[in-house]
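Asks: just a sequence and a predicted model for now, questions to come.
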Amino acid sequence: MIHLAKVLKANQLNKCIGCFTCMLVCAGINRRNHSIRKSCISMKTSGGMSGRFVSVVCQACRDPQCAGVCPSDALKPRKGGGVTLDKSKCIGCRRCEAACLVSAIGYDEEERKPLVCHHCGMCARYCPHGCLELVDVPDEEEVAV
């Protein structure tokens with residue numbers, strides 16, 4: 001039986017108007033904070049006020065570099081791609097932030113811990129224009145069987 005993991009994808013950014021609802025929802029639900037600085041997703045323009053919006057979000061790597069450089073084993077590869085963070089093990093060294101190939105890992109200066117997307121999909125659920133979506137991906141190990 002194939003179990004599907006869910007990962008966040010930004011497939012419809014041509015519809016994005018820059019409302020930042022995705023960032024506010026992420027920070028509010030996952031961090032109990034209303035600052036976009038606490039969000040695990042980032043939206044920005046590709047060229048000032050007239051540019052299109054781009055997302056900086058975890059790409060759900062199958063072999064995540066961020067987990068590979070973690071000296072305290074706080075980041076573990078997640079089924080379907082990406083990582084999970086065990087905050088109790090994290091020493092706040094920021095190596096994961098530097099290792100992320102798409103700069104999707106932020107850093108919470110107050111907590112001294114990384115901001116890691118866990119693909120909950122709340123940002124996609126509340127995006128008023130459907131720019132983001134949570135998609136099913138099969139676990140590689142189960143597909144190979």
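Replies: Received it, and whenever you're ready, just let me know what you need. Everything numeric here is computed off the predicted structure, so don't read it as measured data.

Asks: can you tell me the centre-most residue of this structure?
Replies: C117 (3.0 Å; CA atoms, centre = their mean).

Asks: measure that residue to H34 for me?
Replies: Distance of C117 to H34, computed by CB to CB, to the nearest Å: 18 Å. (Each C-beta comes from the backbone N, C-alpha and C, glycine too.)

Asks: quick one on the thing from earlier: quick one, what contacts the residue nearest to the centre of the chain?
Replies: L8, C26, C40, I41, V57, C58, G82, A104 (CB atoms under 8 Å, 6 or more residues apart in numbering).

Asks: what about the closest residue to R112 other than its chain neighbours, how many neighbours?
Replies: Nearest non-adjacent residue to R112, counting by CB to CB, 6 or more residues apart in numbering: G92, 3.9 Å away. G92 has 15 neighbours, counted by other CB atoms under 10 Å.

Asks: phi, psi for G92 please.
Replies: phi 70, psi 30 (degrees, to the nearest 10).

Asks: that one and E110 touch, don't they?
Replies: No. With contacts counted by CB atoms under 8 Å, G92 stays clear of E110, the gap being 11.1 Å.
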